[in-house]
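Q: sequence and predicted model, in that order:
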Amino acid sequence: MKIELTPQQEKYRSEFKAFVDESIAPYADQWDREEQTPSHVIQQLAQRGYLGAVLPQICGGSGMDAIAFGLVNEELARGCSSLRSLLTVHSMVAYALSKWGSSLQKEVWLPKLASGEAIAAFALSEPNVGSDAKAIETTATISGNAYLLNGQKKWITYGQIANVFLLFAQCEGKPSAFLVENTRPGLFIKPISGMLGVRASMLAELHLEDCKIPQENLVCRQGLGLSHVASSALDYGRYSVAWGCVGIAQACLQACLHYTSQRQQFGQPLKDHPLIQQMITEMIVNVKASRLLCYQAGYLKENRDPKSIMETSIAKYFASTTATQAANHAVQIHGGNGCSSDYSVQRYFRDAKIMEIIEGSTQIQQMTIAQSGYSESGARV
Amino acid sequence: MKDAKDRIKTFLSQFFGNHELQEDDDIFAAGFVNSMFAMQLILFIEKEFQVTIENEDLDLDNFRTINAIAHLLERKTTVIAAT
Ligand SMILES: Cc1cc2nc3c(=O)[nH]c(=O)nc-3n(C[C@H](O)[C@H](O)[C@H](O)COP(=O)(O)OP(=O)(O)OC[C@H]3O[C@@H](n4cnc5c(N)ncnc54)[C@H](O)[C@@H]3O)c2cc1C
(Lines give C-alpha, C1' and ligand atoms only; values in the text may rest on other atoms or scores of the structure.)
Protein backbone atom coordinates (compact mmCIF):
# COMPACT_ATOMS: atom_id res chain seq x y z
CA MET A 1 0.00 0.00 0.00
CA LYS A 2 1.25 3.41 -0.98
CA ILE A 3 -0.67 6.68 -0.78
CA GLU A 4 1.51 9.07 -2.70
CA LEU A 5 1.02 11.18 -5.81
CA THR A 6 3.10 10.28 -8.85
CA PRO A 7 5.54 12.96 -10.11
CA GLN A 8 3.07 13.70 -12.94
CA GLN A 9 0.18 14.15 -10.47
CA GLU A 10 2.38 16.38 -8.27
CA LYS A 11 3.16 18.47 -11.33
CA TYR A 12 -0.52 18.75 -12.15
CA ARG A 13 -1.32 19.77 -8.58
CA SER A 14 1.22 22.61 -8.55
CA GLU A 15 -0.08 23.80 -11.91
CA PHE A 16 -3.74 23.75 -10.75
CA LYS A 17 -2.85 25.47 -7.50
CA ALA A 18 -0.88 28.27 -9.15
CA PHE A 19 -3.65 28.87 -11.70
CA VAL A 20 -6.35 29.04 -9.02
CA ASP A 21 -4.32 31.30 -6.73
CA GLU A 22 -3.59 33.71 -9.55
CA SER A 23 -6.63 33.68 -11.82
CA ILE A 24 -9.60 32.32 -9.85
CA ALA A 25 -9.59 32.86 -6.08
CA PRO A 26 -9.07 36.65 -6.16
CA TYR A 27 -12.13 37.14 -8.39
CA ALA A 28 -14.58 34.51 -7.15
CA ASP A 29 -16.42 36.80 -4.71
CA GLN A 30 -17.05 39.27 -7.51
CA TRP A 31 -18.41 36.56 -9.85
CA ASP A 32 -20.62 35.37 -7.01
CA ARG A 33 -22.03 38.91 -6.56
CA GLU A 34 -22.51 39.38 -10.30
CA GLU A 35 -23.98 35.87 -10.74
CA GLN A 36 -21.85 35.41 -13.85
CA THR A 37 -18.80 33.49 -14.95
CA PRO A 38 -16.83 35.65 -17.39
CA SER A 39 -16.30 33.92 -20.71
CA HIS A 40 -12.55 34.58 -20.67
CA VAL A 41 -12.27 32.39 -17.56
CA ILE A 42 -14.05 29.53 -19.32
CA GLN A 43 -11.66 30.01 -22.23
CA GLN A 44 -8.75 29.71 -19.82
CA LEU A 45 -10.13 26.40 -18.53
CA ALA A 46 -10.46 25.24 -22.12
CA GLN A 47 -6.96 26.36 -23.12
CA ARG A 48 -5.46 24.55 -20.16
CA GLY A 49 -7.20 21.35 -21.26
CA TYR A 50 -9.30 21.06 -18.10
CA LEU A 51 -12.58 20.81 -20.02
CA GLY A 52 -11.20 17.76 -21.81
CA ALA A 53 -9.83 16.23 -18.61
CA VAL A 54 -11.88 13.02 -18.72
CA LEU A 55 -11.55 12.47 -22.47
CA PRO A 56 -8.72 10.49 -24.04
CA GLN A 57 -6.03 12.23 -26.06
CA ILE A 58 -7.18 10.44 -29.19
CA CYS A 59 -10.24 12.67 -29.36
CA GLY A 60 -8.42 15.81 -28.26
CA GLY A 61 -8.84 15.39 -24.50
CA SER A 62 -6.09 15.66 -21.91
CA GLY A 63 -6.57 12.07 -20.73
CA MET A 64 -6.04 12.91 -17.06
CA ASP A 65 -6.11 9.95 -14.71
CA ALA A 66 -8.85 9.87 -12.06
CA ILE A 67 -6.62 11.29 -9.32
CA ALA A 68 -5.44 14.22 -11.47
CA PHE A 69 -9.08 14.92 -12.37
CA GLY A 70 -9.86 14.89 -8.64
CA LEU A 71 -7.04 17.32 -7.92
CA VAL A 72 -8.24 19.83 -10.50
CA ASN A 73 -11.71 19.69 -8.95
CA GLU A 74 -10.32 20.25 -5.46
CA GLU A 75 -8.20 23.19 -6.53
CA LEU A 76 -10.89 24.86 -8.65
CA ALA A 77 -13.40 24.55 -5.80
CA ARG A 78 -10.89 25.98 -3.34
CA GLY A 79 -11.13 29.10 -5.48
CA CYS A 80 -14.65 29.02 -6.89
CA SER A 81 -17.30 26.31 -6.58
CA SER A 82 -19.25 27.68 -9.53
CA LEU A 83 -16.34 27.11 -11.85
CA ARG A 84 -15.85 23.63 -10.40
CA SER A 85 -19.53 22.95 -11.20
CA LEU A 86 -18.86 23.86 -14.84
CA LEU A 87 -16.13 21.24 -14.91
CA THR A 88 -18.52 18.80 -13.21
CA VAL A 89 -21.46 19.01 -15.60
CA HIS A 90 -19.31 19.33 -18.72
CA SER A 91 -17.23 16.28 -17.72
CA MET A 92 -20.37 14.30 -16.79
CA VAL A 93 -21.71 14.72 -20.31
CA ALA A 94 -18.33 14.14 -21.96
CA TYR A 95 -17.79 10.94 -20.01
CA ALA A 96 -21.31 9.57 -20.59
CA LEU A 97 -21.03 10.27 -24.32
CA SER A 98 -17.61 8.66 -24.54
CA LYS A 99 -19.05 5.55 -22.91
CA TRP A 100 -22.54 5.33 -24.41
CA GLY A 101 -22.66 7.67 -27.42
CA SER A 102 -23.00 6.37 -30.98
CA SER A 103 -19.94 6.57 -33.26
CA LEU A 104 -21.47 9.60 -34.95
CA GLN A 105 -22.18 11.36 -31.64
CA LYS A 106 -18.63 10.69 -30.48
CA GLU A 107 -17.17 11.91 -33.75
CA VAL A 108 -19.19 15.12 -33.73
CA TRP A 109 -19.16 16.04 -30.05
CA LEU A 110 -16.12 14.65 -28.27
CA PRO A 111 -13.51 16.83 -30.02
CA LYS A 112 -15.67 19.91 -29.43
CA LEU A 113 -16.22 19.09 -25.76
CA ALA A 114 -12.54 18.26 -25.32
CA SER A 115 -11.40 21.60 -26.72
CA GLY A 116 -14.16 23.59 -25.02
CA GLU A 117 -15.47 24.74 -28.40
CA ALA A 118 -18.81 23.44 -27.09
CA ILE A 119 -20.00 23.55 -23.47
CA ALA A 120 -22.26 20.74 -22.28
CA ALA A 121 -24.85 20.68 -19.50
CA PHE A 122 -26.83 17.92 -17.81
CA ALA A 123 -30.61 18.24 -17.83
CA LEU A 124 -32.35 15.75 -15.57
CA SER A 125 -34.19 17.66 -12.79
CA GLU A 126 -37.64 19.12 -13.32
CA PRO A 127 -40.03 21.30 -11.33
CA ASN A 128 -41.74 18.19 -9.91
CA VAL A 129 -38.83 15.76 -10.00
CA GLY A 130 -35.50 15.72 -8.20
CA SER A 131 -34.32 12.78 -6.10
CA ASP A 132 -36.76 10.33 -7.69
CA ALA A 133 -35.35 10.67 -11.21
CA LYS A 134 -37.41 7.77 -12.57
CA ALA A 135 -40.47 9.97 -12.29
CA ILE A 136 -39.38 12.51 -14.94
CA GLU A 137 -42.34 13.95 -16.79
CA THR A 138 -40.67 15.35 -19.93
CA THR A 139 -41.69 13.26 -22.92
CA ALA A 140 -40.08 12.35 -26.23
CA THR A 141 -42.51 11.18 -28.90
CA ILE A 142 -41.46 9.67 -32.18
CA SER A 143 -42.57 11.72 -35.18
CA GLY A 144 -41.31 10.37 -38.50
CA ASN A 145 -37.54 10.19 -38.19
CA ALA A 146 -37.42 12.69 -35.35
CA TYR A 147 -38.36 13.06 -31.68
CA LEU A 148 -40.59 15.79 -30.32
CA LEU A 149 -39.64 16.84 -26.81
CA ASN A 150 -42.15 18.40 -24.43
CA GLY A 151 -41.72 19.37 -20.80
CA GLN A 152 -39.59 21.44 -18.48
CA LYS A 153 -36.16 21.11 -16.89
CA LYS A 154 -35.04 23.07 -13.86
CA TRP A 155 -31.80 24.05 -12.07
CA ILE A 156 -29.60 23.29 -15.07
CA THR A 157 -26.04 24.33 -14.17
CA TYR A 158 -24.55 26.60 -16.86
CA GLY A 159 -27.77 26.11 -18.82
CA GLN A 160 -27.54 29.79 -19.80
CA ILE A 161 -24.42 29.23 -21.89
CA ALA A 162 -24.38 25.52 -22.76
CA ASN A 163 -24.26 24.63 -26.45
CA VAL A 164 -25.62 21.14 -25.90
CA PHE A 165 -27.69 19.40 -23.24
CA LEU A 166 -27.73 15.76 -22.27
CA LEU A 167 -31.43 15.67 -21.56
CA PHE A 168 -33.63 12.94 -20.13
CA ALA A 169 -37.21 12.21 -21.15
CA GLN A 170 -39.73 9.38 -21.13
CA CYS A 171 -39.93 7.79 -24.57
CA GLU A 172 -42.80 5.35 -24.92
CA GLY A 173 -42.84 5.22 -21.12
CA LYS A 174 -39.13 4.40 -20.88
CA PRO A 175 -36.52 6.83 -19.53
CA SER A 176 -34.14 7.77 -22.34
CA ALA A 177 -31.28 10.18 -22.95
CA PHE A 178 -31.01 12.69 -25.80
CA LEU A 179 -28.61 15.30 -27.05
CA VAL A 180 -30.34 18.65 -27.53
CA GLU A 181 -28.41 21.51 -29.11
CA ASN A 182 -29.25 24.96 -27.72
CA THR A 183 -30.22 26.15 -31.19
CA ARG A 184 -33.14 23.74 -31.62
CA PRO A 185 -36.44 25.51 -32.30
CA GLY A 186 -38.91 24.79 -29.50
CA LEU A 187 -36.21 24.99 -26.79
CA PHE A 188 -36.55 28.10 -24.61
CA ILE A 189 -33.83 28.85 -22.06
CA LYS A 190 -34.81 30.94 -19.04
CA PRO A 191 -32.03 32.12 -16.68
CA ILE A 192 -32.45 31.48 -12.93
CA SER A 193 -31.02 34.02 -10.51
CA GLY A 194 -30.97 34.60 -6.76
CA MET A 195 -29.76 31.12 -5.71
CA LEU A 196 -28.28 30.58 -2.24
CA GLY A 197 -24.93 29.28 -3.47
CA VAL A 198 -22.80 28.57 -6.53
CA ARG A 199 -24.31 31.84 -7.67
CA ALA A 200 -22.00 32.28 -10.66
CA SER A 201 -23.05 28.97 -12.18
CA MET A 202 -25.58 30.52 -14.55
CA LEU A 203 -28.47 28.15 -13.89
CA ALA A 204 -31.37 27.92 -16.27
CA GLU A 205 -34.78 26.40 -16.79
CA LEU A 206 -35.37 24.70 -20.11
CA HIS A 207 -38.82 24.80 -21.65
CA LEU A 208 -39.42 22.29 -24.42
CA GLU A 209 -42.40 22.89 -26.66
CA ASP A 210 -42.52 20.41 -29.53
CA CYS A 211 -38.75 20.74 -29.69
CA LYS A 212 -37.72 18.61 -32.65
CA ILE A 213 -34.48 16.65 -32.64
CA PRO A 214 -33.30 14.03 -35.15
CA GLN A 215 -33.53 10.35 -34.24
CA GLU A 216 -29.75 10.04 -34.17
CA ASN A 217 -29.73 12.31 -31.07
CA LEU A 218 -30.95 9.42 -28.91
CA VAL A 219 -28.01 8.43 -26.68
CA CYS A 220 -27.62 4.71 -25.99
CA ARG A 221 -30.97 2.90 -26.13
CA GLN A 222 -34.52 3.71 -25.21
CA GLY A 223 -35.08 2.72 -21.59
CA LEU A 224 -31.41 2.87 -20.58
CA GLY A 225 -31.28 6.64 -20.15
CA LEU A 226 -31.18 6.50 -16.37
CA SER A 227 -29.70 3.08 -15.57
CA HIS A 228 -26.75 3.51 -17.93
CA VAL A 229 -26.35 7.04 -19.29
CA ALA A 230 -27.39 9.16 -16.29
CA SER A 231 -25.84 6.71 -13.82
CA SER A 232 -22.44 6.87 -15.55
CA ALA A 233 -22.64 10.65 -15.67
CA LEU A 234 -23.78 10.98 -12.05
CA ASP A 235 -21.01 8.71 -10.83
CA TYR A 236 -18.50 11.12 -12.38
CA GLY A 237 -20.53 14.03 -11.03
CA ARG A 238 -20.42 12.67 -7.49
CA TYR A 239 -16.67 12.11 -7.79
CA SER A 240 -16.13 15.65 -9.03
CA VAL A 241 -18.37 17.15 -6.31
CA ALA A 242 -16.72 15.05 -3.58
CA TRP A 243 -13.33 16.52 -4.51
CA GLY A 244 -14.92 19.94 -4.84
CA CYS A 245 -16.11 19.64 -1.24
CA VAL A 246 -12.55 18.90 -0.13
CA GLY A 247 -11.60 22.13 -1.89
CA ILE A 248 -14.29 24.16 -0.07
CA ALA A 249 -13.31 22.67 3.30
CA GLN A 250 -9.62 23.33 2.59
CA ALA A 251 -10.41 26.96 1.72
CA CYS A 252 -12.32 27.29 5.01
CA LEU A 253 -9.41 25.82 6.94
CA GLN A 254 -6.86 28.10 5.28
CA ALA A 255 -9.00 31.17 5.91
CA CYS A 256 -9.38 30.20 9.58
CA LEU A 257 -5.70 29.44 10.15
CA HIS A 258 -4.90 32.89 8.83
CA TYR A 259 -7.68 34.79 10.61
CA THR A 260 -7.17 33.18 14.03
CA SER A 261 -3.48 34.07 13.90
CA GLN A 262 -4.26 37.76 13.33
CA ARG A 263 -7.40 38.44 15.32
CA GLN A 264 -7.01 39.10 19.04
CA GLN A 265 -9.71 38.80 21.71
CA PHE A 266 -9.29 38.80 25.50
CA GLY A 267 -5.69 39.85 25.00
CA GLN A 268 -4.58 36.88 22.91
CA PRO A 269 -4.91 35.64 19.34
CA LEU A 270 -8.04 33.59 18.68
CA LYS A 271 -5.80 30.62 17.88
CA ASP A 272 -4.79 30.39 21.54
CA HIS A 273 -8.37 29.84 22.73
CA PRO A 274 -9.04 26.10 23.24
CA LEU A 275 -12.59 26.23 21.85
CA ILE A 276 -11.22 27.73 18.63
CA GLN A 277 -8.57 25.01 18.52
CA GLN A 278 -11.32 22.43 18.82
CA MET A 279 -13.01 23.75 15.67
CA ILE A 280 -9.69 23.96 13.83
CA THR A 281 -8.92 20.37 14.82
CA GLU A 282 -12.24 19.11 13.50
CA MET A 283 -11.60 20.93 10.25
CA ILE A 284 -8.07 19.57 9.83
CA VAL A 285 -9.07 15.99 10.59
CA ASN A 286 -12.21 15.96 8.45
CA VAL A 287 -10.51 17.59 5.47
CA LYS A 288 -7.83 14.91 5.59
CA ALA A 289 -10.38 12.11 6.01
CA SER A 290 -12.45 13.43 3.09
CA ARG A 291 -9.40 13.68 0.88
CA LEU A 292 -8.39 10.12 1.71
CA LEU A 293 -11.87 8.85 0.82
CA CYS A 294 -11.57 10.72 -2.47
CA TYR A 295 -8.14 9.19 -3.14
CA GLN A 296 -9.59 5.76 -2.43
CA ALA A 297 -12.54 6.36 -4.79
CA GLY A 298 -10.13 7.71 -7.43
CA TYR A 299 -7.80 4.76 -7.12
CA LEU A 300 -10.70 2.34 -7.59
CA LYS A 301 -12.04 4.40 -10.48
CA GLU A 302 -8.68 4.36 -12.21
CA ASN A 303 -8.70 0.57 -11.89
CA ARG A 304 -12.29 0.42 -13.17
CA ASP A 305 -13.26 -1.48 -10.05
CA PRO A 306 -17.02 -1.97 -9.46
CA LYS A 307 -16.45 -0.95 -5.83
CA SER A 308 -15.62 2.54 -7.09
CA ILE A 309 -19.34 3.34 -7.42
CA MET A 310 -20.18 2.93 -3.74
CA GLU A 311 -16.86 4.34 -2.56
CA THR A 312 -17.58 7.46 -4.62
CA SER A 313 -20.97 7.76 -2.97
CA ILE A 314 -19.34 7.43 0.47
CA ALA A 315 -16.70 10.02 -0.41
CA LYS A 316 -19.38 12.44 -1.65
CA TYR A 317 -21.48 11.96 1.46
CA PHE A 318 -18.59 12.47 3.87
CA ALA A 319 -16.92 15.30 1.97
CA SER A 320 -20.15 17.27 1.51
CA THR A 321 -21.11 17.03 5.18
CA THR A 322 -17.51 17.97 6.04
CA ALA A 323 -17.72 21.01 3.77
CA THR A 324 -20.90 22.30 5.45
CA GLN A 325 -19.46 21.70 8.90
CA ALA A 326 -16.15 23.36 8.00
CA ALA A 327 -17.94 26.34 6.46
CA ASN A 328 -20.15 26.61 9.52
CA HIS A 329 -17.07 26.69 11.76
CA ALA A 330 -15.37 29.15 9.40
CA VAL A 331 -18.23 31.67 9.66
CA GLN A 332 -18.36 31.15 13.44
CA ILE A 333 -14.63 31.71 13.80
CA HIS A 334 -14.80 34.89 11.69
CA GLY A 335 -17.65 36.29 13.82
CA GLY A 336 -19.24 39.40 12.32
CA ASN A 337 -16.62 39.47 9.58
CA GLY A 338 -17.72 35.96 8.60
CA CYS A 339 -21.17 37.32 7.82
CA SER A 340 -19.83 40.12 5.66
CA SER A 341 -19.26 40.12 1.93
CA ASP A 342 -15.71 41.39 2.65
CA TYR A 343 -14.75 37.82 3.56
CA SER A 344 -15.05 34.74 1.33
CA VAL A 345 -16.15 32.41 4.14
CA GLN A 346 -19.76 33.53 3.74
CA ARG A 347 -19.58 32.34 0.13
CA TYR A 348 -18.06 29.01 1.19
CA PHE A 349 -20.92 28.62 3.68
CA ARG A 350 -23.57 29.18 1.00
CA ASP A 351 -21.77 27.04 -1.59
CA ALA A 352 -21.22 24.17 0.86
CA LYS A 353 -24.93 23.81 1.56
CA ILE A 354 -25.61 23.25 -2.14
CA MET A 355 -23.18 20.31 -2.08
CA GLU A 356 -25.50 18.41 0.27
CA ILE A 357 -28.37 18.78 -2.22
CA ILE A 358 -26.85 18.11 -5.64
CA GLU A 359 -25.64 14.79 -7.15
CA GLY A 360 -27.75 12.80 -4.70
CA SER A 361 -28.67 14.64 -1.50
CA THR A 362 -27.28 13.67 1.89
CA GLN A 363 -30.45 11.66 2.61
CA ILE A 364 -30.28 9.81 -0.70
CA GLN A 365 -26.62 8.93 -0.03
CA GLN A 366 -27.55 7.74 3.45
CA MET A 367 -30.21 5.43 2.00
CA THR A 368 -27.86 4.06 -0.66
CA ILE A 369 -24.88 3.60 1.65
CA ALA A 370 -26.93 1.85 4.34
CA GLN A 371 -28.53 -0.41 1.74
CA SER A 372 -25.16 -1.40 0.36
CA GLY A 373 -23.81 -2.02 3.87
CA TYR A 374 -26.64 -4.46 4.56
CA SER A 375 -26.18 -6.17 1.19
CA GLU A 376 -22.47 -6.61 1.80
CA SER A 377 -23.18 -8.24 5.13
CA GLY A 378 -25.55 -10.71 3.51
CA ALA A 379 -28.75 -9.10 4.72
CA ARG A 380 -31.12 -6.95 2.70
CA VAL A 381 -33.16 -3.80 3.35
CA MET B 1 -17.40 -21.41 -18.73
CA LYS B 2 -18.24 -23.00 -15.38
CA ASP B 3 -15.55 -20.84 -13.87
CA ALA B 4 -17.02 -17.69 -15.47
CA LYS B 5 -20.47 -18.53 -14.13
CA ASP B 6 -19.07 -19.01 -10.63
CA ARG B 7 -17.33 -15.66 -10.77
CA ILE B 8 -20.51 -13.95 -11.97
CA LYS B 9 -22.53 -15.66 -9.25
CA THR B 10 -20.07 -14.61 -6.55
CA PHE B 11 -20.25 -11.01 -7.71
CA LEU B 12 -24.05 -10.99 -7.93
CA SER B 13 -24.58 -12.69 -4.60
CA GLN B 14 -23.49 -9.54 -2.75
CA PHE B 15 -26.63 -7.83 -4.05
CA PHE B 16 -28.94 -10.70 -3.24
CA GLY B 17 -28.43 -11.17 0.47
CA ASN B 18 -29.21 -14.69 1.58
CA HIS B 19 -31.10 -15.54 -1.61
CA GLU B 20 -29.39 -18.47 -3.36
CA LEU B 21 -29.17 -17.25 -6.96
CA GLN B 22 -29.67 -19.89 -9.67
CA GLU B 23 -28.03 -19.71 -13.09
CA ASP B 24 -31.31 -18.97 -14.86
CA ASP B 25 -32.89 -16.66 -12.23
CA ASP B 26 -34.04 -13.34 -13.70
CA ILE B 27 -31.99 -10.83 -11.71
CA PHE B 28 -34.09 -7.85 -12.81
CA ALA B 29 -37.43 -9.51 -12.07
CA ALA B 30 -36.22 -10.43 -8.58
CA GLY B 31 -36.29 -6.70 -7.81
CA PHE B 32 -33.08 -6.73 -5.81
CA VAL B 33 -31.20 -4.21 -7.85
CA ASN B 34 -30.87 -0.48 -7.17
CA SER B 35 -30.04 2.41 -9.46
CA MET B 36 -26.29 1.83 -9.20
CA PHE B 37 -26.47 -1.86 -10.00
CA ALA B 38 -26.29 -1.65 -13.80
CA MET B 39 -23.03 0.27 -13.67
CA GLN B 40 -21.50 -1.97 -11.05
CA LEU B 41 -22.39 -5.02 -13.14
CA ILE B 42 -20.84 -3.52 -16.28
CA LEU B 43 -17.65 -2.52 -14.45
CA PHE B 44 -17.44 -6.00 -12.97
CA ILE B 45 -17.83 -7.75 -16.34
CA GLU B 46 -15.35 -5.43 -18.05
CA LYS B 47 -12.69 -5.75 -15.37
CA GLU B 48 -13.11 -9.40 -14.50
CA PHE B 49 -13.22 -10.68 -18.09
CA GLN B 50 -11.20 -7.96 -19.85
CA VAL B 51 -13.92 -7.08 -22.36
CA THR B 52 -15.64 -3.78 -23.20
CA ILE B 53 -19.41 -3.62 -23.01
CA GLU B 54 -20.60 -1.46 -25.86
CA ASN B 55 -23.87 0.06 -26.94
CA GLU B 56 -24.75 -2.91 -29.14
CA ASP B 57 -24.34 -5.34 -26.21
CA LEU B 58 -26.87 -3.49 -24.11
CA ASP B 59 -29.84 -5.70 -24.77
CA LEU B 60 -31.20 -6.32 -21.26
CA ASP B 61 -31.66 -9.97 -22.20
CA ASN B 62 -27.86 -10.23 -22.31
CA PHE B 63 -27.73 -9.42 -18.59
CA ARG B 64 -30.91 -11.03 -17.30
CA THR B 65 -29.43 -14.25 -15.87
CA ILE B 66 -26.05 -15.71 -15.02
CA ASN B 67 -26.39 -17.95 -18.10
CA ALA B 68 -27.16 -14.98 -20.34
CA ILE B 69 -24.10 -13.05 -19.12
CA ALA B 70 -21.94 -16.12 -19.67
CA HIS B 71 -23.28 -16.44 -23.24
CA LEU B 72 -22.58 -12.78 -23.91
CA LEU B 73 -19.01 -13.27 -22.69
CA GLU B 74 -18.63 -16.34 -24.84
CA ARG B 75 -19.74 -14.38 -27.90
CA LYS B 76 -17.53 -11.41 -27.10
CA THR B 77 -14.43 -13.45 -26.42
CA THR B 78 -14.97 -15.42 -29.63
CA VAL B 79 -15.10 -12.15 -31.54
CA ILE B 80 -11.92 -10.95 -29.84
CA ALA B 81 -10.17 -14.27 -30.58
CA ALA B 82 -11.23 -14.10 -34.23
CA THR B 83 -9.88 -10.60 -34.82
C1 LIG C 1 -27.32 24.91 -7.46
C2 LIG C 1 -27.97 23.71 -8.05
C3 LIG C 1 -27.51 23.21 -9.25
C4 LIG C 1 -28.15 22.12 -9.85
N5 LIG C 1 -27.73 21.69 -11.08
C6 LIG C 1 -28.42 20.69 -11.70
C7 LIG C 1 -28.07 20.29 -13.03
O8 LIG C 1 -27.10 20.79 -13.62
N9 LIG C 1 -28.82 19.34 -13.63
C10 LIG C 1 -29.89 18.76 -13.02
O11 LIG C 1 -30.53 17.90 -13.62
N12 LIG C 1 -30.24 19.12 -11.76
C13 LIG C 1 -29.54 20.07 -11.10
N14 LIG C 1 -29.89 20.46 -9.83
C15 LIG C 1 -31.03 19.82 -9.19
C16 LIG C 1 -30.59 18.82 -8.12
O17 LIG C 1 -30.07 17.68 -8.75
C18 LIG C 1 -31.81 18.52 -7.24
O19 LIG C 1 -32.07 19.68 -6.50
C20 LIG C 1 -31.57 17.33 -6.35
O21 LIG C 1 -31.58 16.15 -7.10
C22 LIG C 1 -32.64 17.22 -5.27
O23 LIG C 1 -33.91 17.23 -5.85
P24 LIG C 1 -35.03 18.28 -5.36
O25 LIG C 1 -34.42 19.60 -5.25
O26 LIG C 1 -36.19 18.13 -6.26
O27 LIG C 1 -35.40 17.80 -3.91
P28 LIG C 1 -36.41 16.64 -3.52
O29 LIG C 1 -36.07 15.39 -4.25
O30 LIG C 1 -37.79 17.15 -3.61
O31 LIG C 1 -36.02 16.43 -2.00
C32 LIG C 1 -36.31 17.40 -1.00
C33 LIG C 1 -35.70 16.94 0.31
O34 LIG C 1 -36.26 15.67 0.68
C35 LIG C 1 -35.23 14.73 0.85
N36 LIG C 1 -35.70 13.42 0.38
C37 LIG C 1 -36.13 13.08 -0.87
N38 LIG C 1 -36.48 11.79 -0.90
C39 LIG C 1 -36.27 11.30 0.36
C40 LIG C 1 -36.43 10.02 0.96
N41 LIG C 1 -36.85 8.96 0.26
N42 LIG C 1 -36.12 9.89 2.28
C43 LIG C 1 -35.66 10.94 3.00
N44 LIG C 1 -35.48 12.17 2.47
C45 LIG C 1 -35.78 12.34 1.18
C46 LIG C 1 -34.04 15.23 0.04
O47 LIG C 1 -32.82 14.77 0.56
C48 LIG C 1 -34.19 16.73 0.22
O49 LIG C 1 -33.59 17.09 1.44
C50 LIG C 1 -29.25 21.50 -9.20
C51 LIG C 1 -29.68 21.99 -7.97
C52 LIG C 1 -29.06 23.08 -7.39
C53 LIG C 1 -29.55 23.59 -6.08
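A: Arrived safely, thanks for sending.
Q: residue contacts, B:Arg64?
A: Residues near B:Arg64 by CB atoms under 8 Å, 6 or more residues apart in numbering or on different chains: B:Asp26, B:Ile27, B:Phe28. (C-beta placed from N, C-alpha, C; glycine too.)
Q: recalculate using a threshold of 10 Å.
A: B:Asp24, B:Asp25, B:Asp26, B:Ile27, B:Phe28, B:Ala29 (CB atoms under 10 Å, 6 or more residues apart in numbering or on different chains).
Q: what does the stretch 201-350 of chain A put close to the ligand?
A: Residues of the stretch 201-350 of chain A lying close to the ligand (CB under 6 Å from any ligand atom) are A:Leu203.
Q: ranges for the helices of the stretch 201-350 of chain A?
A: In the stretch 201-350 of chain A, the helices defined using DSSP state H, counting those that start in this stretch lie at A:231-262, A:274-302, A:307-338, A:345-355.
Q: re the thing from before, of the contacts of B:Arg64, buried ones?
A: The neighbour-count test (16 or more other CB atoms under 10 Å in any protein chain shown) marks B:Asp25, B:Ile27 as buried among these.
Q: pLDDT for the contacts of B:Arg64 - can I get that in JSON lines?
A: Compiled in JSON lines, those are given as follows (pLDDT from 0 to 100):
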{"residue": "B:Asp24", "pLDDT": "91"}
{"residue": "B:Asp25", "pLDDT": "89"}
{"residue": "B:Asp26", "pLDDT": "88"}
{"residue": "B:Ile27", "pLDDT": "85"}
{"residue": "B:Phe28", "pLDDT": "80"}
{"residue": "B:Ala29", "pLDDT": "75"}
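Q: and chain A, which of the contacts of B:Arg64 contact it?
A: B:Phe28 (CB under 10 Å from any CB of the partner chain).
Q: thinking again about what came up before, reformat the helices of the stretch 201-350 of chain A as JSON lines; add mean neighbour count.
A: Formatted as JSON lines, the helices of the stretch 201-350 of chain A follow (neighbours: other CB atoms under 10 Å in any protein chain shown):
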{"stretch": "helix A:231-262", "mean neighbour count": "25"}
{"stretch": "helix A:274-302", "mean neighbour count": "18"}
{"stretch": "helix A:307-338", "mean neighbour count": "23"}
{"stretch": "helix A:345-355", "mean neighbour count": "25"}
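Q: helix or strand with the lowest mean pLDDT in chain A?
A: Scoring the helices and strands of chain A by mean pLDDT, DSSP states H and E places helix A:362-376 at the bottom, with a mean of 91.
Q: thinking again about what came up before, reformat the helices of the stretch 201-350 of chain A as JSON lines; add distance to A:Pro127 and mean pLDDT.
A: JSON lines is the format used below for the helices of the stretch 201-350 of chain A (distance: least, CB to CB, whole Å; pLDDT from 0 to 100):
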{"stretch": "helix A:231-262", "distance to A:Pro127": "20", "mean pLDDT": "98"}
{"stretch": "helix A:274-302", "distance to A:Pro127": "32", "mean pLDDT": "98"}
{"stretch": "helix A:307-338", "distance to A:Pro127": "24", "mean pLDDT": "98"}
{"stretch": "helix A:345-355", "distance to A:Pro127": "18", "mean pLDDT": "98"}
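Q: of those, which is nearest B:Phe49?
A: Closest to B:Phe49 of these is helix A:307-338 (CB to CB; 16.8 Å).
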